[in-house]
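**Student:** I would like to see how this sequence folds:
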Amino acid sequence: MLVLVRHGRTEANAQARLQGRIDLPLDDVGERQADAIAAALGTPDLLITSPLLRARQTAERFGVEPVVDERWLEISYGAYEGLPFHEVASETWDQWRGDVDFCPPGGESLATLGARVVAACEELRLQAAERTVVVISHVSPMKAAVAWALGVDLGISWRTHLDHAAVCRIRMTERGPSLLSFNERVW
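**Tutor:** Here you go, the predicted model:
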């Protein structure tokens, strides 16, 4: 089983800001979420985390040494990092939603993010078919992994929502990945 976990909440999340690669710690709510997720999911056979602090702090709650994998980093919002969502022009949002190759100034496109996440998922297929693999990541990589599991265009990301500390479960079968849960709240 591949279990994807979005990190607990940060101050930027609470303020509805585009966080991207800004490396903030969990806030008090995020710490409680991380504790609850680890308690609910138990000890995985393999724990993987994004290198960003909020993901590593969530992973620490599991009590096992995680493997840090940069492919699970959040998308880079470039010039928009740190901005409140409402300060990004509606034309920019329209362009972003309409084109997975759109790249914000100094940032990363959804297509680029998708390529690195799909590579990580493909690498984990065999292990996740036989063991429980938990990946602590971020909203955009998790949505990319779900799109991979469903065999759909990455543009579906704009039509889905993941809460902070959400869980998605993907079962690996002989016929390929199968999405079992999305935006599951275990805390």
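
**Student:** Do a quick rundown of the helices in this protein.
**Tutor:** Remark: helices assigned in the chain by DSSP state H are 11-14, 28-41, 53-60, 90-98, 110-130, 139-150.

**Student:** Mean neighbour count and mean pLDDT for those - can I get that in JSON lines?
**Tutor:** Using the backbone N, CA and C atoms, a C-beta is placed for each residue, glycine as well. Formatted as JSON lines, the helices of the chain follow (neighbours: other CB atoms under 10 Å; pLDDT from 0 to 100):
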{"stretch": "helix 11-14", "mean neighbour count": "17", "mean pLDDT": "97"}
{"stretch": "helix 28-41", "mean neighbour count": "18", "mean pLDDT": "98"}
{"stretch": "helix 53-60", "mean neighbour count": "23", "mean pLDDT": "98"}
{"stretch": "helix 90-98", "mean neighbour count": "12", "mean pLDDT": "95"}
{"stretch": "helix 110-130", "mean neighbour count": "17", "mean pLDDT": "97"}
{"stretch": "helix 139-150", "mean neighbour count": "23", "mean pLDDT": "98"}
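
**Student:** now these as CSV including distance to V3?
**Tutor:** CSV is the format used below for the helices of the chain (distance: least, CB to CB, whole Å):
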stretch, distance to V3
helix 11-14, 21
helix 28-41, 6
helix 53-60, 12
helix 90-98, 28
helix 110-130, 9
helix 139-150, 11
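
**Student:** Just tell me which of these ends up closest to M172.
**Tutor:** Proximity to M172 (CB to CB) singles out helix 110-130 among the helices of the chain, at 3.9 Å.

**Student:** So what touches the closest one?
**Tutor:** The contact list for helix 110-130, computed with CB atoms under 8 Å, 6 or more residues apart in numbering, reads 1-2, 45-46, 48, 69, 71-72, 75, 96, 100-103, 133, 135, 140-141, 144-145, 147-149, 154-155, 157, 170, 172-173, 177.

**Student:** The lengthiest strand in the chain: which residues count as buried?
**Tutor:** Taking DSSP state E as the criterion, the chain has its longest strand at strand 176-184. Across strand 176-184, burial judged by 16 or more other CB atoms under 10 Å covers 177, 179, 182, 184.

**Student:** And for the residue most central in space within the chain, nearest residue in space, chain neighbours not counted?
**Tutor:** Nearest to the mean C-alpha position of the chain, by CA atoms, centre = their mean, lies H138 at 2.7 Å. Counting by CB to CB, 6 or more residues apart in numbering, H138 lies nearest to E74, which is 3.6 Å off, once chain neighbours are set aside.
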